[in-house]
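Undergrad: build me a model from this:
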Amino acid sequence: MKFHVSAIALGCIALLSACGGGGGTDGAAEQTISFQLPFSGEALIGVPPNSATATLKATASSGGAVTFTSNTPDVCSVSGDQLTLLKLGECSVTATQAGSNGYAPVSQRQIFVVPKNPQMIAKFPNPGWQPLDSKPVQLSATFTSGLPAKFTSKTPDVCSVSGTTMTKLANGMCTIVAEQEGNDFYLPALVTGKDSTSVAMAKFMQKDIPIGTELPAKMTFLTGYKDTDNTNEGLIGHFGNQWWCDSCDRAVSNNSFTFTATSDAPPDAWWYSRASFQFFAQGLADADLLSPDGTYRAGVKETALTTPGAAPKGLQLEIQSALHFNLAQNPEWFGAANNKFNVELFLGHFNQKDGKACNVALKATVQPTAAATNYSVGLKDQFAFSETCGLSGLDIMNEVQNYPVLEMRFSAVQPNGQVKNAASKYQTQFKLTGPIYFQ
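TA: I've put the predicted structure just below:
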């Protein structure tokens, strides 16, 4: 493990120098030594059991050869002009010119204190909402030092911690802090730290875990619908009014969005894609989307998330565990034998597949229970990966907590091809009312 000595750390280095010898000794001329610190401002220092070397540089005004000696061989050793750090502490090195060609001997000593390594929290996943029961919850956190985390409950009436195990005691918000106390080589990483790094890291070292009746905050994907092409937050993608779906229509009324696909005859399998539409998250613009001719929006470009300095795009979940929305079907489709619908979530996790950028997606298939229903679809227990883009070992909750939701698609598992409406048409209709959110 290595760390950089920063400009601030170098400002804390104590430098002592002393010159020996000099003029006046049997008439020998005085000389000086210029002995630089063995750092260039960003030197890498090893942490035992590893070690790192640095080249010592010193120049005598006489031009004679300079030798180096370690005065603290238990902390640092010297071989020729190579300094090796053995452990953190105070290292003292003397540079000597033995005297020659009429010059008196001279030496200069440097003492520098190598500070401890800083460390930061690298990963502390929130286990999410927990039922109030006796089942223990395992906690895990990783620090950049590799040292073990110490967990503490800041809400002892709601939850307690023993080692890495959290015990649920009451309904409410359980606050757990992961800290690292440091050792001989690493500074502590504590939420009570006063330095800028500690203050910045504190929010990542504390997790709020709702228990029982306590719910996580709502994360809204969209609050409502502005027109047939926009929500109040993002854009609406559609296949309507195109050659492949010239009988698809969209309508906005008050706080609802209606998408209708109509067919004169029972639809064939190729027709299924007609009965689908999607919403794009806040922050995405038309230029971020796959729109070959600008008349429809089919997906999100990888470059939408890789532009340097770009504003955040998509909805980044924290510990929300379910998707919520209100959806109604037209009576004919609802009365058909197969009236299930799909909900897909496209995440900002891209990977190359078949030579193209592919983003990871989740899908849940829902069986409607009424013509109009408030649905709550669990992320962990009802969604599954519909696209992994060739990646393996993916976990749904890790994905939604680490990558933003960019796009949401609704589609019919099987468009209505059984029950005609009053106009003798086969109609498949979605009607969404109110906000779509995660909680």
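Undergrad: so what's Ser100 closest to, chain neighbours aside?
TA: Nearest residue to Ser100, sequence neighbours excluded (CB to CB, 6 or more residues apart in numbering): Gly64, at 5.0 Å. From N, CA and C alone the C-beta is placed, and that goes for glycine too.
Undergrad: Cys358 too?
TA: Distance criterion CB to CB, 6+ apart; nearest residue to Cys358, sequence neighbours excluded, is Cys389 at 3.8 Å.
Undergrad: my read is that that neighbour contacts Lys356, right?
TA: No - counting by CB atoms under 8 Å, Cys389 sits too far from Lys356 to count as a contact (9.7 Å).
Undergrad: ok so, going back, so what's the residue count around the residue nearest to Cys358?
TA: Using other CB atoms under 10 Å, Cys389 is surrounded by 19 other residues.
Undergrad: in three-state terms, label it for me.
TA: Going by DSSP: H, G, I helix; E, B strand; the rest coil, the secondary structure assigned to Cys389 is coil.
Undergrad: likewise the one 3 residues further on?
TA: What three-state DSSP gives for Ser392 is coil.
Undergrad: helices of the stretch 51-200 of the chain, start to end?
TA: With DSSP state H, counting those that start in this stretch as the definition, the stretch 51-200 of the chain shows helices at residue ranges 196-202.
Undergrad: give the next helix or strand downstream of the helix-or-strand element of the chain with minimal mean pLDDT.
TA: Comparing every helix and strand of the chain by mean pLDDT, DSSP states H and E singles out helix 7-11 as the least confident one, with a mean of 32. Tracing the chain past helix 7-11, the next element assigned as helix or strand by DSSP states H and E is strand 33-35.
Undergrad: show me what that next one is packed against.
TA: Applying 3 or more CB pairs under 8 Å, 6 or more residues apart in numbering; DSSP states H and E, we find strand 33-35 packed against strand 58-60, strand 90-97, strand 106-113.
Undergrad: closest to Ala337 out of those strands?
TA: For the helices and strands packed on strand 33-35, the distance to Ala337 is smallest for strand 106-113, at 78.6 Å, taking CB to CB.
Undergrad: paired strands for that closest one, with orientation please.
TA: Looking at strand 106-113 with DSSP bridges, its paired strands and their directions are strand 90-97 (antiparallel).
Undergrad: outside of the strand it pairs with, which residues touch it?
TA: 31, 33, 35, 38, 56, 58, 60, 62, 64-72, 75-76, 78, 83, 85, 103, 105-114 (CB atoms under 8 Å, 6 or more residues apart in numbering).
Undergrad: Asn338 reaches Gln414, doesn't it?
TA: Yes - shown here, Asn338 and Gln414 form a contact pair, counting by CB under 8 Å, at 4.3 Å.
Undergrad: for those two, indicate the residue with more neighbours.
TA: Applying other CB under 10 Å to Asn338 and Gln414 shows that Gln414 carries more neighbours, namely 18 against 13.
Undergrad: helix or strand: which one has that one?
TA: Following DSSP H and E, there is no helix or strand that holds Gln414.
Undergrad: my guess is it meets Lys340, correct?
TA: Yes - under the criterion of CB under 8 Å, Gln414 makes contact with Lys340 at 7.4 Å.
Undergrad: which neighbours do those two share?
TA: Counting by CB under 8 Å, 6+ apart, no residue touches both Gln414 and Lys340.
Undergrad: run a quick neighbour tally on Leu147.
TA: 17.
Undergrad: tell me the contacts of it?
TA: Listed by CB under 8 Å, 6+ apart, the contact set of Leu147 reads Gln119, Gln180, Gly182, Asn183, Tyr186.
Undergrad: and what of Asn421?
TA: Taking CB under 8 Å, 6+ apart as the contact definition, Asn421 lies against Asn330, Glu332, Gln427.
Undergrad: which of those residues ranks first by neighbour count?
TA: Highest neighbour count within the contacts of Asn421: Gln427, with 22 neighbours (other CB under 10 Å).
Undergrad: list the beta-bridge partners for it.
TA: Beta-bridge partners of Gln427, counted by DSSP bridges, are Thr262.
Undergrad: for it, give its distance to Trp270.
TA: Taken as CB to CB, to the nearest Å, the spacing of Gln427 relative to Trp270 amounts to 18 Å.
Undergrad: got it, and Met397?
TA: Relative to Trp270, Met397 is positioned 35 Å away (CB to CB).
Undergrad: which of the residues in stretch 276-289 are buried?
TA: Residues Ser276, Phe277, Gln278, Phe279, Phe280, Ala281, Gln282, Gly283, Leu284, Asp288, Leu289 are the ones in stretch 276-289 that count as buried (16 or more other CB atoms under 10 Å).
Undergrad: for the third one, what are its contacts?
TA: Meaning Gln278. If you count contacts by CB under 8 Å, 6+ apart, then Gln278 has Ile236, Gly237, His238, Arg297, Glu407, Met408, Arg409, Phe410 around it.
Undergrad: neighbour-wise, which of the residues you listed leads?
TA: Highest neighbour count within those: Glu407, with 26 neighbours (other CB under 10 Å).
Undergrad: is that residue in contact with Gly237, as I believe?
TA: Yes - in this structure, Glu407 sits in contact with Gly237. The criterion is CB under 8 Å, and the distance is 7.4 Å.
Undergrad: which residues do the two both contact?
TA: Any residue near both Glu407 and Gly237 by CB under 8 Å, 6+ apart counts here, and that gives Gln278, Phe279, Phe280, Gly299.
Undergrad: which two from the residues you listed end up farthest apart in space?
TA: Spanning the widest gap among these are Phe279 and Gly299, at 12.3 Å by CB to CB.
Undergrad: what is in contact with those two at once?
TA: Between them, Phe279 and Gly299 share the neighbouring residues Gly237, Glu407, with contact defined by CB under 8 Å, 6+ apart.
Undergrad: right, I'll leave it there.
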